[in-house]
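Chemist: Quick one, what's the 3D model for this:
(one chain, ligands or ions: 2)
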Amino acid sequence: MLVTLEGLDGSGKTTVWEALHDVYPDAVFTREPTDDSWYGDAVNRAIGDDDADPLATLFLFTADHADHLSRVVRPALAEGDLVISDRYSDSRYAYQGASLRDSDLKRPMEYIMGIHAAFTRPPDKTIYLDVDPETAAARSGKTNKFEQAAYLAEVRANYERLIEAEPERFVRVDATQPPEDVLDDVEAALEEILSEA
Ligand SMILES: Nc1ncnc2c1ncn2[C@@H]1O[C@H](COP(=O)(O)OP(=O)(O)O)[C@@H](O)[C@H]1O
Ligand SMILES: Cc1cn([C@H]2C[C@H](O)[C@@H](COP(=O)(O)OP(=O)(O)O)O2)c(=O)[nH]c1=O
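Modeler: Ligands and ions are numbered 1, 2, ... in the order given. So this is what the prediction gives:
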């Protein structure tokens, strides 16, 4: 089973993801962008470059996803493992959907979803850590171009569109709560997800 954690920068995904290692010691913990491949290195260069072309950046993130799928996600799922990914394809739909808003693409989010459809492995469930853009930007320290509050407001609106389109896949958790309460809610959500599997 593939479970993904999504949300704005600073929503607490990484904090939760790290805490879950102790709760599910047999699970495969992974992330996007990947941090152990040259594809991930290329993505991180694009994240840090204010002048990086948004369409080129989309394809770098998508290349990293393709490698992540074939190298990590599909083999682990084939072994029957529980895979927990800190960010996954919804991050592309929400973030690049926002960064390509003023491009020549008419419907950026639909275009990005279309690129993925032919090859991706959709998540079974997605836990969405919901936080307002101002809190997200403040918590994340605005260290990269994707972390400004105005941009995050657009990203959040895109996440809401994704949730509206597939309400059964998403579990929303209030990420403005203290970290231990967020973790409790995520653990409860995961228990229910696994009991239904
Ligand atoms: N529920 C929370 N309440 C307040 N601060 C939090 C909470 N969760 C995480 N943080 C803090 O916010 C910052 C970003 O958290 P992080 O887990 O890295 O978020 P993300 O991976 O979603 O960007 C960190 O300094 C972290 O300690
Ligand atoms: C996976 C992914 C991340 N991103 C962005 C979100 C983050 O601003 C940045 C790095 O992701 P990440 O390292 O997960 O950042 P954080 O822990 O702050 O949430 O890349 C995209 O724009 N598209 C994507 O497909």
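Chemist: Look up how far Arg156 lies from Val131.
Modeler: As for Val131, its distance to Arg156 is 8 Å (criterion: CB to CB, to the nearest Å). Using the backbone N, CA and C atoms, a C-beta is placed for each residue, glycine as well.
Chemist: okay, these two: which has more neighbours?
Modeler: Using other CB atoms under 10 Å as the criterion, Val131 and Arg156 rank with Val131 on top: 24 against 20.
Chemist: Name the next helix or strand following the helix or strand bottoming out on mean pLDDT in the chain along the chain.
Modeler: The weakest-scoring helix or strand in the chain, judged by mean pLDDT, DSSP states H and E, is helix 133-140 (a mean of 93). Using DSSP states H and E, the next helix or strand after helix 133-140 towards the C-terminus is helix 149-165.
Chemist: Contact residues of the chain facing ligand 1?
Modeler: Contact residues, the chain versus ligand 1 (CB under 6 Å from any ligand atom): 7, 9-15, 139-140, 175, 177-179, 182.
Chemist: Just the buried ones from these?
Modeler: 7, 9-13, 15, 139-140, 175, 182 (16 or more other CB atoms under 10 Å).
Chemist: Mark which of those residues are part of helices, please.
Modeler: Mapping those onto helices (DSSP state H) picks out 13, 15, 139-140, 182.
Chemist: Give me the subset of the residues you listed that also touch ligand 2.
Modeler: Restricting these to those near ligand 2 by CB under 6 Å from any ligand atom leaves 13, 140.
Chemist: which among the ones in helices among the buried ones among the residues of the chain next to ligand 1 gets closest to Glu164?
Modeler: Taking CB to CB as the measure, Glu164 lies nearest Lys13 of those, at 20.9 Å.
Chemist: Please give me every residue in contact with that closest one.
Modeler: 5-7, 86-87, 129 (CB atoms under 8 Å, 6 or more residues apart in numbering).
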